[in-house]
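1. here is the input, now give the coordinates:
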Amino acid sequence: CYGTNGLNAEILTAIKDLQQLEEIIFTFDNDSAGKEAITKYAKLLLEIKPEIKITVLEPINKDINETLQGHDETIFIELLDKRLVLSEAEATGLIFSSERKSPSPPGRDLGRGIDFLKRNELLKNLNQLIGKAGIVGEENSRMLLFLIIVSYVNKSPLHALVQGSSGSGKTHIISRIADMMPQEDVLRFTRITESSLYNWGEFDLFKKVVIIEDLDGLKEDALYALREFISNQILRSSVTIKDKKGNNKSSHKIVKGQFSSLSATTKGETYEDNMSRSFLIAVDESKKQTQKIIHYQNMRNAGETDPEAQQKAIGFIQNMVRNLKHYEIVNPYATQLHLPEKVHKIRRLNEMYQAVIKQVTFLNQYQRKLTNNNQLITEIEDVEQATEILFESIVLKVDELDGSLRQFFERVKKYLKEQNRDFTQREIRQELNVSKAQCSRFINQLLELEYITSKFGGNLRKISYRIDYWDNHQKLRAEIKDFLMNQIQELKQQQIAPSKPRNKISV
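-> Next up, the predicted model:
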């Protein structure tokens, strides 16, 4: 074909005369003009040969030539294996399904997935569906985790670190969220060795979901490789290989890692570098959440829950995800959004905040307008929903204490009721019902951060403690909430009566 405008009568006649032709593969440029040409020509070719199979090979770079310049020729084998199928019914909308996927669910379910994406209050309805899929409580956390994990579809995927004490359910929540993604795209790891991430194929981790069930089991070299993937989406290493004559020679190995990831840990403060690159989410370890979980467990053991309905909800969400298309997103309100100055590492968190707004827009794609460049336009509703969902993570970034330690400290303050009261570890263990090791770790962290002080009794063996810094965490939360919501109210007022036009976006 002579370019995106070069499918002439001679080529069409040649195709029509090929009696044994089974498949036509498009390899146009990876841009809007290429996609428009595929839509136009696929419809035309299906009129000539209704039974023909049409697929699309998507270049990694702008076009097929740039892709070859950046890789060796084996890249085309991988890209051919991952080509996308375009059916007659999909030709006008340019919706693809992957050959690598397991047999597609019935078309009726796919259609219902699109109908669901077009509904009002999509995020609220989706959150309820996630609850039906087996995640009890944690409403904001589970929605944020879903937004993060589904970002693997886009060019700038997101990552989350879920923190909680042993037995708090952190591994359960990330596993259940991963169940809602198409399973052919999910990779689950209990352990990652030091060099394993360097040894994947160049595109084995491309557009994948990575679940690390226990980040505490990774050694520093593996954590370093993971950090590089999160920051740069690529690992480059110099390796030794043998040539055809058996001689050693150096070679340059590249692994591209466009994946979203969820990791679980009990020691969030240990992974400072990872925390700054990821969303930090603390598992709710409150009494209220514990009661919800116990009630659900009891209902399940009594046979009062419906496992079939749970699997049906998971399958429905998977189909919904398959109907999401990649879009570039433009946020006309981005320059008017700010975070409180108290936030630690505000530069990186600001980028995360903008990323979650984009993810909410991405999820609402069937309800949003497009620019002439085929970009989704963020609306104020997206900003408001993203702020509500991300609020707890922003508070954790502001707080000097990590999630589990903050929850422990707040429970201790609630128990003591006054600052000038001494207490012992045994007293706190019994009152809060925490283990000796866990209580000791939290107390030592609070001592190190100078939130509490210790003193010895008369025999130098009995140690008591007193809170030295009684901070007002609830006041801080309220201040941050007011700051963020006031911004949104100002945007709404500007939308009703704008004083100056914002940057123009052609639609």
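2. quick one, phi psi at the closest residue to residue 242 other than its chain neighbours?
-> Spatial nearest neighbour of residue 242, chain neighbours left out: residue 248 (6.1 Å); criterion: Cβ to Cβ, 6 or more residues apart in numbering. For every residue, glycine as well, the C-beta is placed using N, CA and C. In terms of degrees, to the nearest 10, the main-chain angles of residue 248 are phi -80, psi 140.
3. and residue 236, how far from residue 256?
-> Distance of residue 236 to residue 256, given as Cβ to Cβ, to the nearest Å: 10 Å.
4. then residue 116?
-> The value you get for residue 116 to residue 256, if Cβ to Cβ is used, is 32 Å.
5. if we can go back for a sec, am I right that the residue nearest to residue 242 is in contact with residue 239?
-> No: taking Cβ atoms under 8 Å as the definition, residue 248 is not a contact partner of residue 239, at 10.5 Å.
6. center of this protein - which residue?
-> By Cα atoms, centre = their mean, the chain has its centre lying nearest to residue 148, at 1.9 Å.
7. enumerate every residue touching it.
-> Listed by Cβ atoms under 8 Å, 6 or more residues apart in numbering, the contact set of residue 148 reads 158-160, 260, 262, 279, 359.
8. then residue 67?
-> By Cβ under 8 Å, 6+ apart, residue 67 lies in contact with 59-61, 75, 79.
9. for residue 429, same thing?
-> 435-436, 439.
10. any idea which element the closest residue in space to residue 48 that isn't next to it in sequence lies in?
-> The spatially closest residue to residue 48, leaving aside those adjacent along the chain, is residue 16, at 5.3 Å (Cβ to Cβ, 6+ apart). Assigned by DSSP states H and E, residue 16 belongs to helix 9-17.
11. identify all contacting residues around that helix.
-> Contacts of helix 9-17 (Cβ under 8 Å, 6+ apart): 1, 21, 24, 44-45, 48-49.
12. which one's more surrounded, residue 236 and residue 256?
-> Taking neighbours as other Cβ atoms under 10 Å, residue 236 and residue 256 compare with residue 256 leading, 20 against 11.
13. and the more buried one, bridged to which residues?
-> In this entry, residue 256 is beta-bridged to residue 234, by DSSP bridges.
14. ok, it to residue 25 distance?
-> Using Cβ to Cβ, one gets 22 Å for the distance from residue 256 to residue 25.
15. cool, residue 80 as well?
-> In terms of Cβ to Cβ, residue 80 sits 8 Å off from residue 25.
16. so what sits against both of those two?
-> With Cβ under 8 Å, 6+ apart as the test, residue 80 and residue 25 both reach residue 57.
17. what strand or helix carries the closest residue to residue 421 other than its chain neighbours?
-> Of all residues not flanking residue 421 in the chain, residue 466 sits nearest, at 7.1 Å (Cβ to Cβ, 6+ apart). Element membership of residue 466 [criterion: DSSP H and E] is strand 463-467.
18. repeat that for residue 228.
-> Residue 228 is part of helix 220-232 when elements are defined by DSSP H and E.
19. elements contacting the strand or helix carrying residue 349?
-> Using DSSP H and E, residue 349 sits in helix 346-363. For helix 346-363, the packing partners by 3 or more Cβ pairs under 8 Å, 6 or more residues apart in numbering; DSSP states H and E come out as helix 122-132, helix 139-149, strand 328-330, strand 375-377, helix 380-398.
20. mean pLDDT lowest where, among these?
-> Here the lowest mean pLDDT among those goes to helix 380-398, at a mean of 82.
21. so how far is it off the chain centroid?
-> Centroid displacement of helix 380-398 relative to its chain, using Cα atoms, centre = their mean, to the nearest Å, is 15 Å.
22. list the buried residues for the next helix or strand after that helix?
-> With elements assigned by DSSP H and E, the helix or strand that comes after helix 380-398 is helix 403-416. Within helix 403-416, the residues that count as buried by 16 or more other Cβ atoms under 10 Å are 403-409, 411-413, 416.
23. just name whatever secondary elements helix 403-416 is in contact with.
-> When contacts are defined as 3+ Cβ pairs under 8 Å, 6+ apart, helix 403-416 packs onto strand 279-282, helix 425-432, helix 436-448, strand 463-467.
24. recalculate using a threshold of 6 Å.
-> helix 436-448 (3 or more Cβ pairs under 6 Å, 6 or more residues apart in numbering; DSSP states H and E).
25. just to revisit the earlier point, for the helix holding residue 16, the distance to its chain's centre please.
-> 46 Å.
26. output that helix as PDB, nothing but the C-alphas.
-> Coordinates of each C-alpha in helix 9-17 appear next as PDB, following Å, rounded to 0.1, in the frame of the first residue of the first chain:
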ATOM      1  CA  ALA A   9      -7.600   0.000  -7.700                       C
ATOM      2  CA  GLU A  10      -4.700  -2.200  -8.800                       C
ATOM      3  CA  ILE A  11      -4.000  -3.400  -5.300                       C
ATOM      4  CA  LEU A  12      -7.700  -4.000  -4.600                       C
ATOM      5  CA  THR A  13      -8.000  -6.100  -7.800                       C
ATOM      6  CA  ALA A  14      -4.900  -8.100  -6.800                       C
ATOM      7  CA  ILE A  15      -6.400  -8.800  -3.400                       C
ATOM      8  CA  LYS A  16      -9.700  -9.800  -4.900                       C
ATOM      9  CA  ASP A  17      -8.000 -12.300  -7.200                       C
END
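27. packing partners of the very next helix or strand once past that helix?
-> Toward the C-terminus, helix 9-17 is succeeded by strand 23-26 as the next helix or strand (DSSP H and E). Other elements packing on strand 23-26 under the criterion 3+ Cβ pairs under 6 Å, 6+ apart are strand 53-56.
28. now the strand it packs on: buried residues?
-> 54-56.
29. put the alpha carbons of the longest helix along the chain into PDB.
-> The longest helix of the chain (DSSP state H) is helix 473-496. C-alpha atoms of helix 473-496 as PDB (Å, rounded to 0.1, in the frame of the first residue of the first chain):
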ATOM      1  CA  HIS A 473      -3.800  14.600  63.000                       C
ATOM      2  CA  GLN A 474      -7.500  15.100  62.600                       C
ATOM      3  CA  LYS A 475      -7.000  18.900  62.300                       C
ATOM      4  CA  LEU A 476      -4.300  18.300  59.700                       C
ATOM      5  CA  ARG A 477      -6.600  16.000  57.700                       C
ATOM      6  CA  ALA A 478      -9.400  18.600  57.800                       C
ATOM      7  CA  GLU A 479      -7.000  21.400  56.600                       C
ATOM      8  CA  ILE A 480      -5.800  19.300  53.600                       C
ATOM      9  CA  LYS A 481      -9.400  18.300  52.700                       C
ATOM     10  CA  ASP A 482     -10.600  21.900  52.800                       C
ATOM     11  CA  PHE A 483      -7.600  23.100  50.800                       C
ATOM     12  CA  LEU A 484      -8.300  20.600  48.000                       C
ATOM     13  CA  MET A 485     -12.100  20.900  47.900                       C
ATOM     14  CA  ASN A 486     -11.900  24.700  47.900                       C
ATOM     15  CA  GLN A 487      -9.800  24.500  44.700                       C
ATOM     16  CA  ILE A 488     -12.500  22.400  43.100                       C
ATOM     17  CA  GLN A 489     -15.300  24.800  44.200                       C
ATOM     18  CA  GLU A 490     -13.400  27.700  42.600                       C
ATOM     19  CA  LEU A 491     -13.100  25.800  39.400                       C
ATOM     20  CA  LYS A 492     -16.800  25.100  39.400                       C
ATOM     21  CA  GLN A 493     -17.600  28.800  40.000                       C
ATOM     22  CA  GLN A 494     -15.200  29.800  37.100                       C
ATOM     23  CA  GLN A 495     -17.000  27.300  34.900                       C
ATOM     24  CA  ILE A 496     -20.400  28.900  35.700                       C
END
